[in-house]
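everything below, folded, please.
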Amino acid sequence: MPTSRKIVLASASPRRRELLAQVGLNVAVVPADVDETPFAGETPTAHVVRLSEAKALAVAGRREVVGRWFIGSDTVVVRDDAILGKPADAIEAEAMLRSLSGRSHEVVSGYAVLDRATGRTRSGAVTTRVWFKALTDREIAGYLATGEPFDKAGAYAIQGFGAFMVPRIEGSYPNVVGLPLCEVIAALEEFGAIRLFA
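Okay, the predicted model is just below:
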């Protein structure tokens, strides 16, 4: 299995670390501190790519951090061209869930893989369409009571309790969880950071 402490995940998300661990990658985790406020007129795709690159660069720029390859990622939920980030409170979380109920939306995740030794970066974004069933008041209240929505873009987690709301998706499942895993692995292989199969 491919393992390397030279790979650093510039994210506090346990879900991203778990996705990398699924393919055998034991990475160091160093959260990035960047302003995630969208720029005026910025598209969701441009937004997540910019933040992914900024996160990887911010952590790679810290001399005390040991590593060569740095992974940055950012995920947003998009409904009618509006970016839904993490809800500030229960009222905002409820409003997000009601706005997603009974319809589809997009989950856009950006990624950036930075090679500190060469300065090369490979970045991009992946979009997955997600459908929600029509939610009842009881289901929304019950889901809010789990506490799960409050640190998740769009106020839900497809890999957790939130799975009950999602009858289908079109596209990458890991992308909805928070990391375009296929593309990240391809970039790491391209840069010589890993070889999944010798």
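
quick one: the closest residue to residue 135 other than its chain neighbours and residue 132, what's the gap?
In space, and not counting its chain neighbours, residue 135 is closest to residue 101: 4.2 Å by Cβ to Cβ, 6 or more residues apart in numbering. C-beta here means a position set from N, CA and C on the backbone, and glycine is covered the same way. To residue 132, residue 101 is 6 Å away according to Cβ to Cβ, to the nearest Å.

and those two? Which one has more around it.
Neighbours were counted for residue 101 and for residue 132 using other Cβ atoms under 10 Å; residue 132 has more, 20 against 15.

settle this for me: the more buried one is touching residue 102, isn't it.
Yes. Between residue 132 and residue 102 a contact is recorded at 6.4 Å, counting by Cβ atoms under 8 Å.

with just CA atoms, put the longest helix along the chain into CSV.
Scanning the chain for the longest helix, with DSSP state H as the assignment, gives helix 44-60. Taking C-alpha atoms only, helix 44-60 is exported to CSV below (Å, rounded to 0.1, in the frame of the first residue of the first chain):
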residue,chain,number,x,y,z
PRO,A,44,-18.2,28.3,-7.9
THR,A,45,-15.6,26.4,-9.9
ALA,A,46,-13.2,29.4,-9.8
HIS,A,47,-13.9,29.8,-6.1
VAL,A,48,-13.0,26.2,-5.1
VAL,A,49,-9.9,26.0,-7.3
ARG,A,50,-8.6,29.3,-5.9
LEU,A,51,-9.2,28.2,-2.3
SER,A,52,-7.7,24.8,-3.0
GLU,A,53,-4.5,26.4,-4.4
ALA,A,54,-4.4,28.9,-1.6
LYS,A,55,-4.6,26.2,1.1
ALA,A,56,-1.9,24.1,-0.4
LEU,A,57,0.4,27.1,-0.9
ALA,A,58,-0.3,28.5,2.6
VAL,A,59,0.8,25.2,4.3
ALA,A,60,3.7,24.6,1.9
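
lowest-pLDDT helix or strand in the protein?
For the chain, counting by mean pLDDT, DSSP states H and E, strand 82-84 ranks last in confidence among helices and strands (a mean of 91).

show me where the chain has strands.
7-9, 28-29, 69-79, 82-84, 104-115, 121-131, 168-170 (DSSP state E).

worst mean pLDDT among those strands?
Among the strands of the chain, strand 82-84 has the lowest mean pLDDT, at a mean of 91.

residue closest to the middle of the protein?
residue 178 (2.6 Å; Cα atoms, centre = their mean).

now it. Its backbone dihedrals?
With angles defined as degrees, to the nearest 10, residue 178 sits at phi 140, psi 0.

quick one: contacts for it?
13, 15-16, 19, 73, 75, 109 (Cβ atoms under 8 Å, 6 or more residues apart in numbering).

let's see it at 7 Å
13, 15-16, 73, 75, 109 (Cβ atoms under 7 Å, 6 or more residues apart in numbering).

in ChimeraX, how would I select just the buried ones from these?
Only the buried entries of the contacts of residue 178 go into this ChimeraX selection, using 16 or more other Cβ atoms under 10 Å:
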select :13,15,16,73,75,109
